[in-house]
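Enquirer: Pasting a predicted model and its sequence here:
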Amino acid sequence: MGRKKGRSAFNQSVGDYTNPILKPHAAEVVKQHGEIELSGVTAPIPSNQCWPEPLPYVFSNTGIQILQQQQQITILHSDNHEVRRVRPS
């Protein structure tokens, strides 16, 4: 999810590579992906490359089921058949 001309652009991943919380390598990756998206080409992201979806992409999932079990919590994602298990440490 990015911004274009001050407005939300849900279908483009254009981030703020000048954000001071980013380390130089991360800022460069954000800049490169933004340039790809603004050129009209879709930048590679987990969902279009068949990769597991980490944050923040996992929040765009349209449906999940959460199963609370005695030793773990299991999260089932409806879009891509991913299963995540959370166990206490």
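Expert: Cool, the structure landed.

Enquirer: Quick one: list the elements packing against the helix or strand hosting Ile75.
Expert: Taking DSSP states H and E as the definition, Ile75 sits inside strand 73-77. Under the contact criterion of 3 or more Cβ pairs under 8 Å, 6 or more residues apart in numbering; DSSP states H and E, strand 73-77 touches strand 64-68, strand 83-86. In this view, the C-beta of every residue, glycine as well, is placed from N, C-alpha and C.

Enquirer: so can I have a markdown table of these showing mean pLDDT, mean neighbour count and distance to Pro44?
Expert: As requested, the helices and strands packed on strand 73-77 are exported to a markdown table (pLDDT from 0 to 100; neighbours: other Cβ atoms under 10 Å; distance: least, Cβ to Cβ, whole Å):
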| stretch | mean pLDDT | mean neighbour count | distance to Pro44 |
| --- | --- | --- | --- |
| strand 64-68 | 90 | 10 | 24 |
| strand 83-86 | 88 | 12 | 22 |
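
Enquirer: Out of the ones you listed, flag the one nearest Trp51.
Expert: strand 83-86 (14.2 Å; Cβ to Cβ).

Enquirer: List the pairing partners of that closest one within its sheet, with orientation.
Expert: Sheet pairing of strand 83-86 (DSSP bridges) gives strand 73-77 (antiparallel).

Enquirer: Pull out the buried positions in the partner strand.
Expert: 75, 77 (16 or more other Cβ atoms under 10 Å).

Enquirer: With just CA atoms, put it into PDB.
Expert: Extracted C-alpha coordinates of strand 73-77, given in PDB (Å, rounded to 0.1, in the frame of the first residue of the first chain):
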ATOM      1  CA  ILE A  73      -2.700 -21.100  18.100                       C
ATOM      2  CA  THR A  74      -3.100 -22.100  14.500                       C
ATOM      3  CA  ILE A  75      -3.900 -19.400  11.900                       C
ATOM      4  CA  LEU A  76      -5.400 -20.600   8.500                       C
ATOM      5  CA  HIS A  77      -5.300 -18.100   5.600                       C
END
